[in-house]
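>>> Pasting the sequence and the predicted model now:
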Amino acid sequence: MSTVIPMGPYHPALEEPYKIDVVCEGERVVGSNIEVGFNFRAIEWLAERKNYTQGLALVERVCGICSNIHTLTYSQAIENIAGIEVPERAKYIRVVVAEVERLHSHLLWAGVACELIGFHTLFMTCFGLRETVMDALEAISGNRVNYAMNKPGGVHRDIVDPAAVIAAIREVADVTAKKLIPVLTTDKTVAARCVGVGVLTRDEAIAYGVVGPVARASGLTQDLRKDAPYAAYDKLEFDVPVATEGDVFARVVVRALEILESCKIIEQALEAMPAGPFEGELFPAIPAGEGVSRVEAPRGEVMYYVESDGTDGPSRVRIRTPTFAIMPSVQRMVMGQTLADVPLIQASIDPCYSCTDR
Amino acid sequence: MNADAIAETLGGKGVAELRRDGLWLDMPAAKVDEMARVMRDAEARFVTMTAKLMDDNAHVQLMYHWDIDGELLTIKVVVKDSAKSIIELWPAADWVERETRDYFDLAFEGREETPPLMLRAGDQRGLFKRTAPVGRGADPAYTAKTGEEAR
C-alpha cells in the first residue's frame, strides 16, 4: 500500500518554501511530485516595467545568494543588444566578484549539508570560512549580500585593495585543502549518508537538462566559463572538477574542489587585472534589438533574454535560473531511496527557490 | 554548428543570423516536434524557452534556446493558442511549458495535463497576455521615459 507524505511548503532542510509530495511503500520512495511558486514575485513582468537602471536593482533580488550573477547576466545581455565593449579592468573585477560569490554560495551549502548529515563541527568550519568570504565581499563592494557591482558597460566600483582580498582567499584555500576536503572525502559519517544516495546518471542528467555542479557530478563537463567564456575567463587557468558517480557524495566532492578552483581564479585575476577605466559610459543608449547572455552561476547556468524597444527600459525580460533547470530531476533522484534521505537528496542540488520562483 | 543543415532539416525557410550571443534561426512556421527531434540527433542540450507576445496580442513567438558544444542556438517559431509539447523527447521542457501556460495561456498539445507552475490551481492564466494591452501602465510605479527623454 502506498502512502503519500507531503513535505512543505516549509521545508525540513532549508528555510525556503516549496512542496514535495513523496509517495512511499514502507520506507521506500516510489514517486514524488514537486510544487513551486510560493515565492512568485513576477520579476520578469516587473523588469519589463522598469528602466534599465531600476531593472538592475530588481534582478539583483532574484536570488539572495548569487545576486551578483543576475546583474552580470542582465548587463551582458544589454551589452549584447547595444554592442557595448566592457573595459578590460571591469572584466577582471566581474570575475573576482563572481568567484568570491561562488565561494560564499558553496561554503553556505557545504555548511548546511554538514548540519543535515549531522556533522556540526564541520558546519562551524564552513560558516567560519564563509564569514571570511563575506568580509571580503564587504571590503570590495560595501555590502555583504547585494553588491551592486555590475552595470551595462562596466562595474560601479574598483577593487582598491587586492592584497587584502588575496589574503582572505588564501586562508579559504588553505582551510579547504587541509581540513574541509580531507574530512568530507574520508569521514565515515559523510560517506554513510552520501555514497550511492540520490543517483542521477549521465543520461538522466542530459534528459533533465541539469546544469552546474549537479551536471558535473553526473559526468557532464559543461561549464560556461570554459565552453563559452565571458568577462576575463578566457585569460585565466583553472580546471573543471567532474565526477561520474552522480550521487550526493559526488556533488559534495565537486563543489568542494570548485572552492579551490575559484580561489585559483580569484588570485590570478587580481594579479593580472590591468590598470585603466572600469565604469564604462553612464546610462548608455540601448537601441531596439534583442540579446541573450549566459553565465556560470554557483549553482549552474543562468540565462537572460532581453528585448529592447529603443526606450530606456526592456520590452521583454526572460530569466532562466539553475534551480529551475535542476529541481525537476530530484523526482528522479529520490526514486527507490529511503524517505529519510529525501531532505538530503534535495539539499544536494543546492536548491534556491527564490531564484526558481522569481 | 551547421545552421544551414539545421535550417534545411527544419524545412529550409527561415533567416539565420550569427550574432555575438549565438546563432539565431527565425523560422516562424517550423514544426516544434520536428525541431525537438533534430536537436536530439544533434546532441544538443535544451537550455530553456522564451515566449513573447507578438504585436497583435494574439500570436506568441516561442524561442527555443539550445546549447551545442557551448554555442547557443535560438530557434524562433510563431504559434497561436497552442504549440506541440516537446517533453516526450525533452523532459527538461516540462516546467517551462507549464510556466508559459501560466503567463501566456498557451496550450501544449500532447501532454496529459499542464498544471500551473508559478500560479496556484484556480488562478486565472495568462498574466503577461492579459496585462499586455495596458503595457507598462499596468505597473503604477512605472517611471521609465523614452530613451531621448531620459538623456
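All right, it came through fine.
>>> for the residue positioned nearest the centre of chain B, what are its contacts?
Nearest residue to the geometric centre of chain B (CA atoms, centre = their mean): residue B:62, 2.5 Å. By CB atoms under 8 Å, 6 or more residues apart in numbering or on different chains, residue B:62 lies in contact with B:32, B:49-51, B:76-79, B:83, B:100. No exception for glycine: its C-beta is placed from N, CA and C like everyone else's.
>>> now, which of these lie close to chain A?
B:50-51 (CB under 8 Å from any CB of the partner chain).
>>> show me where pLDDT drops low in the stretch 1-150 of chain A?
Scanning the stretch 1-150 of chain A for pLDDT under 70 picks out A:12-14.
>>> Write out the residues of it neighbouring chain B.
Counting by CB under 8 Å from any CB, the stretch 1-150 of chain A sits next to chain B at A:36-37, A:40, A:42, A:44-46, A:48-51, A:54, A:77, A:80, A:83.
>>> for residue 109, what are its contacts?
Since you didn't name a chain, this refers to chain A. Counting by CB under 8 Å, 6+ apart, residue A:109 makes contact with A:255, A:347, A:350.
>>> please go with chain B instead
B:82-85.
>>> So for stretch B:106-113, first residue to last residue, what's the gap.
End-to-end distance for stretch B:106-113: 13 Å, by CA to CA, to the nearest Å.
>>> hang on, residue A:46 in a strand?
No - secondary structure of residue A:46 (DSSP: H, G, I helix; E, B strand; the rest coil): helix, not part of a strand.
>>> so how many other residues sit close to it?
By other CB atoms under 10 Å in any protein chain shown, the residues close to residue A:46 number 18.
>>> Look up the closest residue to it, ignoring the ones flanking it.
The spatial neighbour of residue A:46 that comes closest, neighbours along the chain excluded (CB to CB, 6 or more residues apart in numbering or on different chains), is residue A:58 at 6.0 Å.
>>> Please give the element, helix or strand, for the one you found.
Using DSSP states H and E, residue A:58 maps to helix A:52-59.
>>> do residue A:20 as well
Here residue A:20, judged by DSSP H and E, is contained in strand A:19-25.
>>> Can you list the strands that that strand pairs with?
strand A:3-7 (antiparallel), strand A:28-35 (antiparallel) (DSSP bridges).
>>> Mean neighbour count, those: which tops it?
With neighbours defined as mean count of other CB atoms under 10 Å in any protein chain shown, these peak in mean count at strand A:28-35, which reaches a mean of 17.
>>> So what's the gap between it and the chain middle?
Its chain's C-alpha centre and that of strand A:28-35 lie 25 Å apart, by CA atoms, centre = their mean, to the nearest Å.
>>> what does stretch A:104-113 give?
Stretch A:104-113 sits 11 Å away from the centroid of its parent chain (CA atoms, centre = their mean).
>>> Was I right to think the residue nearest to residue A:46 contacts residue A:51?
No - assessed by CB atoms under 8 Å, residue A:58 is found out of contact with residue A:51, at 10.4 Å.
>>> Can you spell out which helices and strands pack onto the helix or strand just after the helix holding residue A:58?
Next along the chain after helix A:52-59, taking DSSP H and E as the criterion, comes helix A:67-82. When contacts are defined as 3 or more CB pairs under 8 Å, 6 or more residues apart in numbering or on different chains; DSSP states H and E, helix A:67-82 packs onto helix A:52-59, helix A:88-117, strand A:150-151, strand A:289-297, strand A:300-308, strand A:314-320.
>>> What is the last one packed up against?
Same thing as strand A:314-320. Under the contact definition 3+ CB pairs under 8 Å, 6+ apart, strand A:314-320 sits against helix A:43-47, helix A:52-59, helix A:67-82, strand A:300-308, strand B:45-53.
>>> could I get these as JSON lines with distance to residue A:148?
Shown next, in JSON lines, are the helices and strands packed on strand A:314-320 (distance: least, CB to CB, whole Å):
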{"stretch": "helix A:43-47", "distance to residue A:148": "16"}
{"stretch": "helix A:52-59", "distance to residue A:148": "8"}
{"stretch": "helix A:67-82", "distance to residue A:148": "7"}
{"stretch": "strand A:300-308", "distance to residue A:148": "17"}
{"stretch": "strand B:45-53", "distance to residue A:148": "27"}
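>>> between the ones you listed, which one is nearest to residue A:188?
Across the helices and strands packed on strand A:314-320, residue A:188 has its closest neighbour in strand A:300-308 (29.9 Å, CB to CB).
>>> what sits opposite the closest residue to residue A:31 other than its chain neighbours in the beta ladder?
Of all residues not flanking residue A:31 in the chain, residue A:23 sits nearest, at 3.8 Å (CB to CB, 6+ apart). For residue A:23, the beta-bridge partners under DSSP bridges are residue A:4, residue A:31.
>>> how far away is residue A:258 from residue A:106?
Noted for residue A:258: a distance of 6 Å to residue A:106, by CB to CB, to the nearest Å.
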